[in-house]
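A.B. asks: Sequence first, predicted model second:
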Amino acid sequence: MNSQPILKNRRRINFLYTLLLAVVFLPSCGGGSAEGSNDISPSDPLLVEEEMPVVQRKPIFKRRLALFVVDFLDNRQMFPPARDIEKNLEEGVVRDYFSDISYGQFTYDIDSFGPFTHQDNFTSLYPDHVQKVFSINTVNISGFDADRYDLFILVTLSDYEFEAGVTIPKGYLEFRVNGEVVNSDKRVVVNPLFAGCRKRDCSGDLSPEDKFQEKDFSGSPFTLFQRIFIHEFIHSLGIWEHANSRTNGSRFDYEEEIPNNRENLNYDYGNSYDIMGGAPDYHYGYNLNVGYRDWLGWLKPPRKTVIKDYGCFTTTVNPINSVDYTVAVEIVIPEKGDRYYLEVRDFLDKWDRRGHTSEVQKIVADNRQGIMVNKKADDTADMVFTPTLLLDMSPSPNRTEKGYEGEPDIRDVVLKPGREYEYDAPDVRLWDVIPEGNGSFSVKIMVKRPDDEPHKSCAGY
Ligand SMILES: [Zn+2]
């Protein structure tokens with residue numbers, strides 16, 4: 001444990017950041033106090049005591065989940081029973097998704113319990129309802145063995161709340177089964193999920209499938225409920241940040257920062273092509289970027305090409321979910337430790353298909369014409385998990401049109417043929433993108449020595 005005060009402080013802040021931003025805010029239809037209600041006070045003693053989740057990079061291939069359905073006396077609508085919720089998350093599209101993003105390596109099982117009626121009315125839990133749900137003391141299950149599970153999920157059934165999820169690192173809040181705390185002695189995480197009727201059709205005598213039909217969420221392969229589950233589940237696997245973006249208006253990210261660039265060099269949720277990013281009102285894809293797949297141990301060679309020396313390289317990147325080909329290039333800048341991850345999105349990939357408007361169709365088609373580049377800052381020095389940062393390979397001014405107040409424009413983001421990205425040495429140059437058929441692209445890569453001049457060392461390469 002490093003005892004430098006600055007580092008300690010940074011760890012604490014990062015922990016707070018993780019908790020706050022693990023919450024997914026989705027359209028709330030007028031839930032005005034929603035964001036404020038999820039604040040976690042920096043003076044919270046638990047926060048001071050707790051160690052933040054440290055970088056723990058090891059392959060993850062299996063998780064066993066216990067799912068607890070929680071309802072409330074003051075809000076008894078027609079919700080699906082626990083077994084239907086289990087099936088909704090364990091079978092079909094959610095399982096297919098995890099299979100695809102892990103190349104068939106990751107599986108999970110769910111056992112469901114409940115419903116358990118919370119001792120408090122839902123409305124009485126405000127304003128910290130997201131956290132207070134964990135105080136449920138009515139979960140009693142004969143013979144329950146907590147050691148069988150890696151993860152505990154609370155599915156909170158309420159119509160009062162907008163749909164949201166949160167992931168809680170172990171020990172931060174206590175969750176009890178049979179009066180015993182089950183999430184303190186091992187690395188387990190609890191996700192409450194709100195399955196409100198605001199988006200679901202709760203009327204009539206519906207089949208289990210119909211009970212999950214959601215309104216106003218077209219163009220997605222998932223229901224909102226499933227999408228929140230997937231997002232929080234991936235947090236629980238150790239991805240303690242979101243898929244962010246790093247843009248600098250009309251300049252490349254490495255150039256002097258433009259005035260009024262807001263937080264755009266590390267814009268939370270900024271990668272709208274990723275299940276771990278994306279504001280709900282503009283989401284172009286739901287794949288998980290290869291930087292996070294790599295961190296979860298799903299990209300061993302030859303699935304990825306690793307470049308960690310200075311020099312000139314040519315390599316080919318294939319569509320992200322191709323099972324038998326190289327789908328990622330990981331470039332590690334020597335001595336700096338910063339990484340670049342190169343990936344390509346697939347024309348026919350159902351997880352990227354969100355062409356429900358002509359504008360989105362154009363955006364998605366555009367970004368299949370080249371290589372998507374994410375940067376991930378070195379995470380070994382401080383042992384703090386760093387987010388992937390989607391870089392814009394065709395910088396354009398921040399968006400200020402209606403509904404935007406200086407947000408990044410990442411509608412056309414990939415490195416296309418004819419484009420070039422060149423950071424000062426020691427860092428990277430990427431250029432000469434060439435389509436290779438079947439949605440694949442080759443690219444030239446130069447990892448520049450500290451004394452390399454721009455363009456020089458790989459001239460004519
Ligand atoms: Zn999140």
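C.D. replies: Here it is on my side, so go on.
A.B. asks: now the end-to-end length of stretch 256-274.
C.D. replies: Using Cα to Cα, to the nearest Å, the end-to-end distance of stretch 256-274 comes out at 27 Å.
A.B. asks: Tell me the secondary structure at L89.
C.D. replies: At L89 the chain is in helix, as set by DSSP: H, G, I helix; E, B strand; the rest coil.
A.B. asks: For the stretch 51-200 of the chain, which segments count as strands?
C.D. replies: 62-71, 107-117, 151-156, 176-177, 180-181, 190-194 (DSSP state E, counting those that start in this stretch).
A.B. asks: For the longest one, which outside residues touch it?
C.D. replies: Outside of strand 107-117, the residues within contact range by Cβ atoms under 8 Å, 6 or more residues apart in numbering are 61-73, 79, 81-83, 85-86, 89-90, 95, 98-99, 136, 138-141, 144, 148-149, 153, 157, 233. For the C-beta atoms, the positions are set from N, CA and C on the backbone; glycine is no exception.
A.B. asks: which ones are touching Y103?
C.D. replies: Each residue near Y103 by Cβ under 8 Å, 6+ apart is listed here: W298, R303, N321, V323.
A.B. asks: In terms of pLDDT, where does the nearest residue to K211 once chain neighbours are set aside sit?
C.D. replies: Among residues not flanking K211 along the chain, P80 sits closest, at 4.5 Å (Cβ to Cβ, 6 or more residues apart in numbering). P80 carries a pLDDT score of 82 in this model.
A.B. asks: what sits against P80?
C.D. replies: N88, A195, P208, K211, F212.
A.B. asks: still on that earlier bit, by neighbour count, sort out the buried ones in the contacts of strand 107-117.
C.D. replies: 63, 65-72, 79, 82, 85-86, 89-90, 98, 136, 139, 144, 149, 153, 157, 233 (16 or more other Cβ atoms under 10 Å).
A.B. asks: So what are the structural domains in this protein, by residue number?
C.D. replies: 5-236, 244-461 (automatic domain parsing).
A.B. asks: Lowest average confidence across those, which one?
C.D. replies: domain 5-236 (a mean of 72).
A.B. asks: one step back: JSON lines please, covering the strands of the stretch 51-200 of the chain and showing distance to K402.
C.D. replies: Below are the strands of the stretch 51-200 of the chain laid out as JSON lines (distance: least, Cβ to Cβ, whole Å):
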{"stretch": "strand 62-71", "distance to K402": "39"}
{"stretch": "strand 107-117", "distance to K402": "42"}
{"stretch": "strand 151-156", "distance to K402": "34"}
{"stretch": "strand 176-177", "distance to K402": "48"}
{"stretch": "strand 180-181", "distance to K402": "49"}
{"stretch": "strand 190-194", "distance to K402": "29"}
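A.B. asks: For I168, find the nearest of the ones you listed.
C.D. replies: Closest approach to I168 among those (Cβ to Cβ): strand 190-194, 5.0 Å.
A.B. asks: What residues are bridge-paired with V344?
C.D. replies: P319 (DSSP bridges).
A.B. asks: For it, grab the count of nearby residues.
C.D. replies: Neighbour count for V344, taken as other Cβ atoms under 10 Å: 28.
A.B. asks: Against V447, how distant is it?
C.D. replies: 20 Å (Cβ to Cβ, to the nearest Å).
A.B. asks: how about the helices in the stretch 201-350 of the chain?
C.D. replies: For the stretch 201-350 of the chain, the helices defined by DSSP state H, counting those that start in this stretch occupy 208-211, 224-236, 290-295.
A.B. asks: most tightly surrounded among the ones you listed?
C.D. replies: Ranked by mean neighbour count, those are led by helix 290-295 with a mean of 25 (mean count of other Cβ atoms under 10 Å).
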